[in-house]
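Peer 1: 3D, please:
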Amino acid sequence: AARAACAAASDAARAPMGRRAAEFLAVFATGDSVQVRLYLDSAVTRGTAPNPGFLARVMYLEWRNLRALAVRRTTPTGESSRDVLLQSELTELWYRLRIGVEASAPHRVNMLIPFARTDPPADLAPAALRNPNDVAADLARYVRKLAAADAYSGNALLLKGGHELAALSVGSEDLARTRANTADTRFNVGSMGKMFTAVAIAQLVEDGRLSFDTPVAEVLPDWPRREWARAATIGHLLSHRSGLGNYMDHDDVRSGRVVLREIADYLPVIADMSPGFAPGTGVAYSNSGFALLGHVVERVTGESYRAYVAREVWGRAGMRATAFLLPGAAAGQAEGQTWLPPLGGVPLATRRSSTPMLGAWPGGADGGSYATAADLARFFRAFAANRLVGARTRAEMLTPRGVDPWTGATYGYGFFVQALPGGGRRYGHGGLVPGGNAWGAAFEPAGYTLIALSNFDAPTADHVLGKTHGLVAGY
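Peer 2: Reported below is the predicted structural model:
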């Protein structure tokens, strides 16, 4: 009798869950952020999700990138919650909606985690393609499909064993659409630049000028937070385990009272922010940590971070088109094109230039330089051939050091490292700025390298990476 009562209660809970999930997906499908917010206000328990206005803006931007979503499977995750497995008809990628409802009428939503990227279950997953020409052809089809839907503008380059398989340029360099993207267009690579910083630090380690275990206090004896600096190491900074957060969240940066141009401009802001945890006890992605590593490079070498990286990283790799540039719309430079509103505003109906949002920032140790797809392929080729650092150091950099509890990302030293189904790994880094999204990734031992650069908002390049991952490695 007790089991029958529980089963009846479970069936009753599943019916409202299905109804609420269908309602939410129907509202999302309108692409109307106002309707999304009204629904969230009426159907979601207060405190269940982020501020409804914020979530409505996020949902609108997600709709721009996902469009129609097909329900592939639903799976109960508890008495009153379920996962809805979805596939985007545009991106062809898979997403999970987790939703839960209150047990009593009107069964308001009390759990809502929308559209986390996920892999399909084994029985629904397509097999990886074995023929490199088939991989290249399907990737080319995919990029052109996104471009035709106004969901990708940029370049995509796929190589195997260092040989080019596919090179695509779609969309326009500028918002006015007067100049087409070409193979020579330079894009803002965002946080892909963290790989350059990591290589610079690793070179100094190989030179014996510091080690991955060197305490920050040893290199920066004048750092204001003395206790933190004694406990934090260079390796902690490289692997996002230092406890430092993101200088972009500082009130003076957000308000524009502080303008960040040189490495020295970052330091008072970073020092003013309390670490989120003791070094080595957690993992949290940190732009501040990499900005501080730029200061380490300057302190150890006695020269500017930008000069050192240009000579010892880009120069050694043969990256002649890569540079620290001010955001803009000069010929040959991709102008960021964004849907993002001013802070707290309503999402835009049409894209605008992201140059005012980026300001007079030429990029630094945490990212923001400009590069071509071919130059980034040269970087990956030089790194793999041990021309930037030796084989032992490279192996140390690509050793997983920690997993971000929020994103599930695994970090090495300056690189994301992900194990692949059936063996092997994918390593690289992504980047995003307003009006820009980038990814560079190498697949071992398959030998593929992907470079995806876009002057549209994330997750445009993320989609190209996700598709490539499925094509060459399966799920």
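Peer 1: can you pull the contacts of the closest residue to Val84 other than its chain neighbours?
Peer 2: Of all residues not flanking Val84 in the chain, Leu97 sits nearest, at 4.3 Å (C-beta to C-beta, 6 or more residues apart in numbering). To be clear about C-beta, it is placed using only N, CA and C from the backbone, and glycine gets the same treatment. Contacts for Leu97 were tallied using C-beta atoms under 8 Å, 6 or more residues apart in numbering; they are Ala21, Phe24, Leu25, Asp83, Val84, Leu86, Ile113, Pro114, Phe115.
Peer 1: Quick check: next helix or strand after the lowest-mean-pLDDT helix or strand in the chain?
Peer 2: Of all helical and strand segments in the chain, the minimum by mean pLDDT, DSSP states H and E falls on helix 2-29, at a mean of 66. Once helix 2-29 ends, the next helix or strand along the chain (criterion: DSSP states H and E) is helix 33-43.
Peer 1: List the buried residues for that following helix?
Peer 2: Ser33, Gln35, Val36, Arg37, Tyr39, Leu40, Ala43 (16 or more other C-beta atoms under 10 Å).
Peer 1: now stretch 334-353
Peer 2: Ala334, Glu335, Gly336, Gln337, Thr338, Trp339, Leu340, Pro347, Arg351, Arg352, Ser353.
Peer 1: what do you get for stretch 27-34?
Peer 2: Within stretch 27-34, the residues that count as buried by 16+ other C-beta under 10 Å are Val27, Phe28, Asp32, Ser33.
Peer 1: same for the one helix or strand Ala461 maps to, what does it pack against?
Peer 2: Element membership for Ala461, per DSSP H and E: helix 460-473. Identification of packing neighbours for helix 460-473 by 3 or more C-beta pairs under 8 Å, 6 or more residues apart in numbering; DSSP states H and E yields helix 132-148, strand 154-160, strand 425-433, strand 436-444, strand 448-454.
Peer 1: Distance to Phe416 and mean pLDDT for the ones you listed - can I get that in TSV?
Peer 2: Formatted as TSV, these follow (distance: least, C-beta to C-beta, whole Å; pLDDT from 0 to 100):
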stretch	distance to Phe416	mean pLDDT
helix 132-148	20	97
strand 154-160	19	98
strand 425-433	6	96
strand 436-444	8	97
strand 448-454	13	98
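Peer 1: which of the ones you listed is buried the deepest?
Peer 2: Sort these by mean neighbour count, taking mean count of other C-beta atoms under 10 Å, and strand 448-454 sits at the top with a mean of 29.
Peer 1: picking up where we left off before, looking at the buried residues of stretch 334-353, which two lie furthest apart in space?
Peer 2: Ala334 and Pro347 (21.8 Å; C-beta to C-beta).
Peer 1: ok, the residue lying closest to His236 once chain neighbours are set aside to Glu396 distance?
Peer 2: Among residues not flanking His236 along the chain, Ser242 sits closest, at 4.2 Å (C-beta to C-beta, 6+ apart). Counting by C-beta to C-beta, to the nearest Å, the gap from Ser242 to Glu396 is 18 Å.
Peer 1: again, but for His250
Peer 2: Distance from His250 to Glu396, by C-beta to C-beta: 32 Å.
Peer 1: likewise Phe324?
Peer 2: For Phe324, the distance to Glu396 - C-beta to C-beta - is 28 Å.
Peer 1: do the same with Asp134
Peer 2: 36 Å.
Peer 1: same thing with Pro114?
Peer 2: 38 Å.
Peer 1: ok, now Ala29?
Peer 2: 48 Å.
Peer 1: Look up phi and psi at the nearest residue to Arg352 once chain neighbours are set aside.
Peer 2: Closest residue in space to Arg352, ignoring its immediate chain neighbours: Thr338 at 6.3 Å, by C-beta to C-beta, 6+ apart. When read as degrees, to the nearest 10, the backbone of Thr338 gives phi -130, psi 150.
Peer 1: which residues touch Thr338?
Peer 2: Leu348, Arg351, Arg352, Ser353, Ser354, Met357, Pro434, Gly435, Phe456, Asp457 are the contacts of Thr338 under C-beta under 8 Å, 6+ apart.
Peer 1: my guess is the first one meets Trp339, correct?
Peer 2: Yes: assessed by C-beta atoms under 8 Å, Leu348 is found in contact with Trp339 at 5.2 Å.
Peer 1: Kindly reformat the buried residues of stretch 27-34 as JSON lines and extend each row with distance to Gly190.
Peer 2: Below are these laid out as JSON lines (distance: C-beta to C-beta, whole Å):
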{"residue": "Val27", "distance to Gly190": "31"}
{"residue": "Phe28", "distance to Gly190": "27"}
{"residue": "Asp32", "distance to Gly190": "30"}
{"residue": "Ser33", "distance to Gly190": "25"}
